[in-house]
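A.B. asks: Below are the sequence and a predicted model; questions follow.
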Amino acid sequence: MPDTAPPDAPAIAIQGLHKWFDDFHALRGVDLTVARGERIVICGPSGSGKSTLIRCVNQLERHQEGRIVVAGQEATADPKTLEAIRRRVGMVFQTFNLFPHLTVLENCTLAPIWVNGVAKPVARDTAMALLERVRIPEQAHKYPGQLSGGQQQRVAIARSLCMNPQIMLFDEPTSALDPEMVKEVLDTMLGLAEDGMTMLVVTHEMGFARQAANRVIFMDQGQIVESAAPAAFFDKPQHERTRAFLGQLLH
Amino acid sequence: MTFAAPLARRPAELSRRTRLRTLASHLVGSPLNLALTAAVALAALTVLPGLLRWAVLDAAFLPATPETCRATTGACWSFVLAKHSQILFGIYPFDARWRPALASAVLVGVLIYSVRPAAWRLSLTSIWAAALVAVQILMGGGVLGLTPVPTAMWGGLPITLILTVVAIGGGFPLAILLALARRSEMPAIRLMSTVFIEATRALPLLSILFIASIMLPLLLPEALLPDKLVRAVIALLLFASAYMAEVIRGGLQAMPKGQYEAATALGLSYWQTQRLVILPQAITLVIPALTNTIIVMIKNTSLVLVVGLFDLISSGKSALADPLWRSPATETYLFISAIYFVLCFGFGRFADMLERRNKVAR
């Protein structure tokens, strides 16, 4: 599919976004523009709408009001636009969500073969190269259940990368991991950041935010409360709620 | 699995003596085990000698004539030996019985061929289509110089096999569609599936068969009316699909939401998600319940006797009507039961193999 957006267009443009779950007003007028290659960390208390926000980007959640333009494509109810967006946006989940009935390699080649129509041998080569990159090529023929949490999450990252996405979404990628496995996943994400991938990361790993993010966003009650470069965000938070949240994280 | 010792630490091979000792401790290791062993042994000693005498020692085998049978106090296997072709093939013309025999062999052959995982490719559907056409030609005749035989004269084993294979083979894909439809976000689709499933489950199979065989002829003009056997097959197929659909829906409900989300985020379409990600896992999850339903359906095929189709049981029953013999019903039904047992037990083993093969570590 040709990329119709001009080269300097933002990767993601969100304007006046509202989302309700029945009576619950989950997102209350969110505006966010993400430049190409920008890496944004989103934090905030649970229920603040941070996961909902990134799930709206690839339309796992439909929004009710506002506009979302991803890679030059506006998200509408038309399945074609959704398909176009999802081809360009990869997503990594808290609970990995690998397909347990398929091997690691099959997990990685499934979407390229069926969605993009890539030939099987080509898809395998790409998948092996990306498993190489997340440093687990030797596990290619195992099933997800035979792997540790950290390894599963790295496979999940490789699986998304196999679709050659322009944007990667991470929804609390290390929250379900044992502490000793957090680093291997964060290292993989840092590698991606260095390669210039556009990333939207919901996480409480503030070390990662300092090291990799261009911008840190604090959300509370469905709104973006504060948005700043990591240094400013951590050292001089402007809002009381941000200070309270950071205080809780540090103690 | 639950009762087994930790497998990983077990030596690769247990010595014969250890195994004997384990067996002995299971049989007489505790007072309760000892009492149970004694009770079972006593029951076996009471029943087995009599059974052995009836079924083997005193039983009549050859020559397969009514006289051999009358002279004995034991089982009359000579009747089964003499009448096996009538029990197996009903009132099918005697000279042409090689045709239902070959048709049954084709069905059993393709069934055995299909249970091997190596056979599970697209070509299997063409093999099945070819097999069903071959069965139709063999049974019905009218082409290739075979004398035409109307379905009213078909009977016995081929009827049971045809009903089983078509009702379950055709009912299964329909059941998947019904299960998906009942979970659909489109209200009309969901309603249609729910109404169909609930209505079918609420009616006894007998009345569905009666509707198909007696009421349809009153409602439809002769020219549009399918053959009686076809009507019974369709009735069984619909009935089986409603039950299997609910079992499959149970599996679909057990699937974590994350599996759908991951597939959607990767750009897979609804049908791709179902076929490649959800159904393989959901169906594996419900193999035990599905096996149950299918085995009940195999045995349900015998109910077609009420609408005048000669399945295995009704052809056995008509064989028993011969006045020359003393009508050994027990032996005949044991013979028929053995055939059903092979079908159902065979399917049970197949399901077990599937389950082992698809077991995933979670």
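C.D. replies: Received, thanks. Numbering: from 1, shown residues only, chains lettered A, B, ... in the order given.

A.B. asks: going forward, measure contacts and count neighbours with C-alpha atoms only.
C.D. replies: Will do.

A.B. asks: and the stretch 151-300 of chain B, which of its residues are near chain A?
C.D. replies: B:258-259, B:261-262, B:264-268, B:272, B:277, B:280-281 (CA under 8 Å from any CA of the partner chain).

A.B. asks: Leaving out chain neighbours, which residue sits closest to residue A:25?
C.D. replies: Of all residues not flanking residue A:25 in the chain, residue A:19 sits nearest, at 6.2 Å (CA to CA, 6 or more residues apart in numbering or on different chains).

A.B. asks: follow-up on the earlier one: quick one: which of the residues of the stretch 151-300 of chain B next to chain A sit in helices?
C.D. replies: By the criterion of DSSP state H, membership of those in helices covers B:258, B:259, B:261, B:262, B:264, B:265, B:272, B:280, B:281.

A.B. asks: and these, which are buried?
C.D. replies: With burial judged by 16 or more other CA atoms under 10 Å in any protein chain shown, the buried subset of those is B:258, B:259, B:261, B:262, B:264, B:265, B:272, B:281.

A.B. asks: can you tell me which helix or strand the nearest residue to residue B:239 once chain neighbours are set aside belongs to?
C.D. replies: What sits nearest to residue B:239 in space, not counting adjacent residues and going by CA to CA, 6+ apart, is residue B:200, at 6.1 Å. Using DSSP states H and E, residue B:200 sits in helix B:187-202.

A.B. asks: before we move on, what about residue A:116?
C.D. replies: In this structure, residue A:116 sits in neither a helix nor a strand according to DSSP H and E.

A.B. asks: For burial, what's the neighbour tally of it?
C.D. replies: Close neighbours of residue A:116, defined as other CA atoms under 10 Å in any protein chain shown, add up to 15.

A.B. asks: and what of residue A:63?
C.D. replies: So residue A:63, with other CA under 10 Å, has 23 neighbours.

A.B. asks: Can you name every helix or strand that the helix or strand of chain B with the lowest mean pLDDT contacts?
C.D. replies: Ranked by mean pLDDT, DSSP states H and E, the helix or strand of chain B with the weakest confidence is helix B:66-70, at a mean of 73. Of the remaining helices and strands, those touching helix B:66-70 by 3 or more CA pairs under 8 Å, 6 or more residues apart in numbering or on different chains; DSSP states H and E are helix B:77-89.

A.B. asks: any idea of the mean pLDDT for the helix or strand hosting residue A:150?
C.D. replies: Assigned by DSSP H and E, residue A:150 falls within helix A:149-161. On average, the pLDDT along helix A:149-161 is 93.

A.B. asks: now that helix, how far from the chain's geometric center?
C.D. replies: 12 Å (CA atoms, centre = their mean, to the nearest Å).

A.B. asks: Do it and chain B come into contact?
C.D. replies: Yes. Helix A:149-161 is in contact with chain B by CA under 8 Å from any CA, via residue A:160.

A.B. asks: who's in contact with the next helix or strand after that helix?
C.D. replies: Per DSSP H and E, the first helix or strand lying C-terminal to helix A:149-161 is strand A:167-171. If you take CA atoms under 8 Å, 6 or more residues apart in numbering or on different chains as the criterion, strand A:167-171 is touched by A:11, A:51, A:54, A:88-94, A:197-203.

A.B. asks: Near chain B, list only the ones from those residues.
C.D. replies: Answer for the contacts of strand A:167-171 near chain B (CA under 8 Å from any CA): A:89, A:90, A:91, A:93.

A.B. asks: show me the contacts for the first one.
C.D. replies: Spelled out, that is residue A:89. Contact analysis of residue A:89 by CA under 8 Å, 6+ apart lists A:58, A:165, A:166, A:167, A:168, A:169, B:265.

A.B. asks: now swap in the last one and tell me
C.D. replies: Contact analysis of residue A:93 by CA under 8 Å, 6+ apart lists A:170, A:171, A:172, A:173, B:262.

A.B. asks: With pLDDT and distance to residue B:246 added, can I get the residues you listed in CSV?
C.D. replies: Shown next, in CSV, are the contacts of residue A:93 (pLDDT from 0 to 100; distance: CA to CA, whole Å):
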residue, pLDDT, distance to residue B:246
A:170, 95, 36
A:171, 94, 34
A:172, 92, 36
A:173, 92, 36
B:262, 95, 25
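
A.B. asks: can I get the residues you listed in TSV with distance to residue B:338?
C.D. replies: Output for the contacts of residue A:93, formatted as TSV (distance: CA to CA, whole Å):
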residue	distance to residue B:338
A:170	59
A:171	58
A:172	59
A:173	57
B:262	48
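
A.B. asks: from the residues you listed, which two are the most distant?
C.D. replies: A:172 and B:262 (14.6 Å; CA to CA).

A.B. asks: Model confidence score at residue A:55, please.
C.D. replies: pLDDT, residue A:55: 93.

A.B. asks: what separates it from residue B:286, distance-wise?
C.D. replies: According to CA to CA, to the nearest Å, residue A:55 and residue B:286 sit 31 Å apart.

A.B. asks: Would you map the strands across the stretch 101-250 of chain B?
C.D. replies: B:155-156 (DSSP state E, counting those that start in this stretch).

A.B. asks: next one: phi and psi at the closest residue to chain A within it?
C.D. replies: Residue of the stretch 101-250 of chain B nearest chain A, by CA to the nearest CA: residue B:185 (14.5 Å). For residue B:185, the backbone dihedrals (degrees, to the nearest 10) come out as phi -90, psi -10.
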